[in-house]
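# pasting the sequence and the predicted coordinates here, then a few questions.
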Amino acid sequence: MKTQPIDQFAAHLKADTRAAVYDGSKKGYDARIKTLFDHFEDPNRLRVVAGEIKQHVVENLDTYLPQVEAKLKANGVIVHWAATAEAANQAVLDIMRARNATKMVKSKTMVSEETGLGHFLEKNGVECVETDLGEFIIQIDNDHPSHLVKPIIHKNRRDIAMSFEKHGLGAYNDDPQTITRRARAHLRKKYLESDVALTGANFISAESGRLVLVTNEGNSRFCLAAAKTHIAMVGIEKILPRDRDLALLLNLLARSATGQQLTVYTEFITGPKSAAQPDGPEEMHVVFVDNGRTDVLASECREILRCIRCGACLNVCPVYRQASGHAYRSVYPGPVGAVLTPLLAGKNFPAFADLPKASSLCGACNEVCPVNIPIPDLLLRLRDRAKQEHIPSPGTPPMGPWAVLASRPMIWKTALTGGKAINYVSTKLIPVPALHTWENKHSLPEWKGGVFRKWLRNRPAKSSSS
Amino acid sequence: MSANREAILSRVRGALAPLEKRAPLPDWDNELIAMRTLRGTVDAWPLFCERLKLVNGVSFESLAALVTWLDGQGWRHGYCDPALWASLKDAFPATFTVETTFDRTRVDDYQFGITRAAGAVAETGSLILTDKTTSSRLAALAPWVHVAVLIRGTIFADLQHAVTALADDPNIIFCTGPSKTADVEGILIEGVHGPGQQAALLVEG
Ligand code: SF4
């Protein structure tokens, strides 16, 4: 019996990778609870309102996009549009070529992971250096991030020390402090010799055109203190209506992501540096990227466009904790990835139609989501879509007989009584392979069919006074 | 490029056309994000110091104390905003070398950088730097120690007030403690790319 692709991946995960992912995600979850619930009277209300604000933006992108474009232009920013990943990468390359630029430093952005910008630029003769410590390690290892905010959650210090040694960053030393200092020394040279800095944006205010960037390491700040040209690659859904909404979302973002009150460096950018400032970009570009987002907007799952990439749903997800991020085979892992990946895949939907099935629908992802995305509902809608489109579902046990039973009360009742037979015969005789797979790890309890119903029927009626 | 623009906008319009009604923009009250601990606080400076300490920053109420600290740590070569240096220089003994231009070809020569803060946020322990008040972005970032000179009257109580009063400036940054990472096995390390020490010096005004 075949299992689902995520299960297959999880089954072969190294024990220490699994432990690293489990511990890392649990830590993030615990810290989140503490900061949100200690700090606010009604933290749940913050999430709900933030979700409403983002839903409003998503459903009014036709007004907000031209509005934010006009603001940016008025602020002296050059605006570009890219319908596809290729167009986005090309837009960045064109900006570089027009300036004879050959070196780029890059701060972590999920959208550039989506478009594969780094590899594209390298192929075209541009040096492109990731500056977030985790992303830098991913880059030298030619690996993929496995978490939205902790890209190397799957690696331990020994792995990292080995790749540093391999890449000429000093003799083997697995002390995290030493690793960090070596990266500091290496990367500051890169910042200072780069022509262009590429960043994403966490939010962009339609009211003022302010683009907000957060990092703990200060790498995006260093990019924007050293390079002369700033390019921000921004998904079209990143808009917030007003500046004051930034305060609400910033309060939620850091707490949800890492349990901090506020990310260390929270930068509000409206354009090129001021005239008197000696450091920083003289020119700023924003590239708005679609790359499948308008398909998501047209779908029944547009709520996922509210996502602010905090990673809280990964941290809390029992499937993610067991399977790690690479099991999701795309840039976006965990519950958010299970929804977003098949949707962004466009025609390739069937290749990822298994992802929404790898969930017990426990609902934890919805409960922690700072923009209150009903992820379990979206997973169900995607499961339904896969069924409507007759996409085969390897590893899912056949549910046909179950459906017959569950929708006919008389047959159900008979089965409950008749099921007792299972206490006397070997389950090996039952021709359901899924049951046998299950039995490898579990044992079936004694069949007690009907006990609960009998109890319910004979229960004394509740007294009306209570 | 403009073909891409039209393509995206028309797809957006097409995607939204079938919606019978659009989600309204909710209004929300500042109370929603008021922090419990902050209700009724008056003097922002002590709160700011307490919060800065929570994120491993340090605060000084006197210039002499700052100089003693730098000296004690052996950080005697640094940069200072020329506009500030005139009023600060008397407190620095001759063992210090302080430059008033920041040379980007030798960023590692500077152990500290002293620049002005445009304000602060008490609830989060954040220092606010703007392009107009920061003499050099690099000087406030590359040295191991950043000292921000903060005027008492410019401290906002909370994030809400600070964000709605953002200055008209192309670049504003809230710095909340030293630069840090927990990428390697979740272990906290400070001083990744930016300062390993974030200090605030209070001046009256
Ligand atoms: S779906 Fe929600 S919880 Fe998950 S990353 Fe996005 S915003 Fe965070």
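In hand now; what should we look at? Residues are numbered from 1 along each chain as shown, chains lettered A, B, ... in the order given.

# now do the same contact list for the closest residue to the ligand within chain B.
Per CB to the nearest ligand atom, residue B:23 is where chain B lies closest to the ligand, at 16.9 Å. For glycine as for every other residue, the C-beta is placed from the backbone atoms N, C-alpha and C. Residue B:23 makes contact with A:52, A:55, A:56, A:58, A:59, A:60, according to CB atoms under 8 Å, 6 or more residues apart in numbering or on different chains.

# which of the residues you listed lies closest to residue A:87?
residue A:58 (21.9 Å; CB to CB).

# what segments of chain B are strands?
B:58-60, B:77-80, B:97-99, B:112-116, B:119-121, B:126-130, B:145-151, B:155-156, B:171-175, B:180-181, B:189-190, B:197-203 (DSSP state E).

# ok, which of those strands comes nearest residue A:129?
Checked against CB to CB, the stretch from the strands of chain B lying closest is strand B:180-181, at 16.6 Å.

# elements contacting the closest one?
Counting contacts by 3 or more CB pairs under 8 Å, 6 or more residues apart in numbering or on different chains; DSSP states H and E, strand B:180-181 packs against strand B:189-190.

# how's chain A carved up into domains?
If you go by automatic domain parsing, the domain ranges for chain A are A:63-294, A:405-458.

# which stretch in these has the least confidence?
For those, mean pLDDT drops lowest on domain A:405-458, to a mean of 82.

# one step back: I'd like the domains of chain A written out as CSV, with distance to residue B:72 and mean neighbour count added.
CSV is the format used below for the domains of chain A (distance: least, CB to CB, whole Å; neighbours: other CB atoms under 10 Å in any protein chain shown):
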stretch, distance to residue B:72, mean neighbour count
domain A:63-294, 22, 21
domain A:405-458, 61, 11
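
# which one of these lies closest to chain B?
domain A:63-294 (3.2 Å; CB to the nearest CB).

# distance from the chain centre to the closest one, please.
Distance, stretch centre to chain centre, for domain A:63-294: 16 Å (CA atoms, centre = their mean, to the nearest Å).

# possible to save the strands of chain B as a markdown table with distance to residue A:444, mean pLDDT and mean neighbour count?
Rendered in a markdown table, the data for the strands of chain B read as follows (distance: least, CB to CB, whole Å; pLDDT from 0 to 100; neighbours: other CB atoms under 10 Å in any protein chain shown):
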| stretch | distance to residue A:444 | mean pLDDT | mean neighbour count |
| --- | --- | --- | --- |
| strand B:58-60 | 62 | 97 | 21 |
| strand B:77-80 | 72 | 98 | 23 |
| strand B:97-99 | 77 | 98 | 15 |
| strand B:112-116 | 68 | 98 | 24 |
| strand B:119-121 | 59 | 96 | 26 |
| strand B:126-130 | 57 | 98 | 27 |
| strand B:145-151 | 64 | 97 | 24 |
| strand B:155-156 | 62 | 94 | 22 |
| strand B:171-175 | 58 | 98 | 27 |
| strand B:180-181 | 48 | 95 | 25 |
| strand B:189-190 | 50 | 95 | 22 |
| strand B:197-203 | 60 | 97 | 22 |
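
# want to throw the domains of chain A into a markdown table with distance to residue B:52?
Output for these, formatted as a markdown table (distance: least, CB to CB, whole Å):
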| stretch | distance to residue B:52 |
| --- | --- |
| domain A:63-294 | 12 |
| domain A:405-458 | 51 |
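
# would you reformat those domains as TSV and include distance to the ligand?
Shown next, in TSV, are the domains of chain A (distance: least, CB to the nearest ligand atom, whole Å):
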stretch	distance to the ligand
domain A:63-294	6
domain A:405-458	29
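
# for chain B, which residue gets nearest to chain A?
residue B:194 (3.2 Å).

# verify the stated contact: residue A:57 with residue A:239.
Yes: under the criterion of CB atoms under 8 Å, residue A:57 makes contact with residue A:239 at 5.2 Å.

# now for these two: what residues contact both?
In contact with both residue A:57 and residue A:239: residue A:64, using CB under 8 Å, 6+ apart.

# could you pull out the helices for chain B?
All helices of chain B, identified by DSSP state H, fall at B:2-16, B:44-54, B:63-73, B:82-88, B:159-164.

# what's the fourth one in contact with?
Around helix B:82-88, the neighbours that count as contacts under CB under 8 Å, 6+ apart are B:63, B:80, B:98, B:100, B:101, B:114, B:115, B:116, B:135, B:149.

# the last one pairs with what?
Spelled out, it's residue B:149. As for beta bridges, residue B:149 partners with residue B:116, residue B:201 under DSSP bridges.

# same question for the second one.
With DSSP bridges as the criterion, the beta-bridge partners of residue B:80 are residue B:114.

# same question for the third one.
When bridges are assigned using DSSP bridges, the partners listed for residue B:98 are residue B:78.

# ok so, going back, any idea how far the residue of chain B closest to the ligand lies from residue A:301?
15 Å (CB to CB, to the nearest Å).

# ditto for residue A:359
From residue A:359 to residue A:301 the distance is 14 Å (CB to CB).

# grab the nearest non-local neighbour of the most centrally placed residue in chain B.
By CA atoms, centre = their mean, chain B has its centre lying nearest to residue B:175, at 2.7 Å. In space, and not counting its chain neighbours, residue B:175 is closest to residue B:127: 4.8 Å by CB to CB, 6 or more residues apart in numbering or on different chains.

# the one you found contacts residue B:148, correct?
Yes: assessed by CB under 8 Å, residue B:127 is found in contact with residue B:148 at 4.5 Å.

# find residues that contact each of those two.
Counting by CB under 8 Å, 6+ apart, the residues touching both residue B:127 and residue B:148 are B:117, B:175, B:198, B:200.

# wait, what's in contact with the third one?
The one in question is residue B:198. B:52, B:55, B:56, B:57, B:58, B:127, B:146, B:148, B:175, B:177, B:178.

# may I see those organised as TSV, with distance to the ligand added?
Below are these laid out as TSV (distance: CB to the nearest ligand atom, whole Å):
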residue	distance to the ligand
B:52	28
B:55	23
B:56	26
B:57	28
B:58	33
B:127	28
B:146	31
B:148	32
B:175	25
B:177	23
B:178	26
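
# re earlier: bridging residues for the residue nearest to the centre of chain B?
Bridge pairing for residue B:175 - DSSP bridges - gives residue A:265, residue B:127.

# and the next helix or strand past the helix or strand hosting residue A:10?
Under the criterion of DSSP states H and E, residue A:10 resides in helix A:5-11. Going down the chain from helix A:5-11, the next helix or strand is helix A:15-39, by DSSP H and E.

# what does the helix holding residue A:10 contact?
A:2-3, A:18, A:319, A:322-324, A:326-329, A:354-355, A:358, A:394-395.

# narrow those to those that are buried.
Among the contacts of helix A:5-11, those scoring as buried are A:18, A:319, A:322-324, A:326-329, A:354-355, A:358, A:395 (criterion: 16 or more other CB atoms under 10 Å in any protein chain shown).

# ok, which pair from the contacts of helix B:82-88 is furthest apart?
Longest span within those, CB to CB: B:63 and B:101, 21.8 Å.

# who has more neighbours out of the two?
Legend: neighbour count by other CB atoms under 10 Å in any protein chain shown for residue B:63 and residue B:101, higher for residue B:63 (17 against 10).

# that one contacts residue B:199, correct?
No: using CB under 8 Å, residue B:63 is not in contact with residue B:199, being 11.8 Å away.
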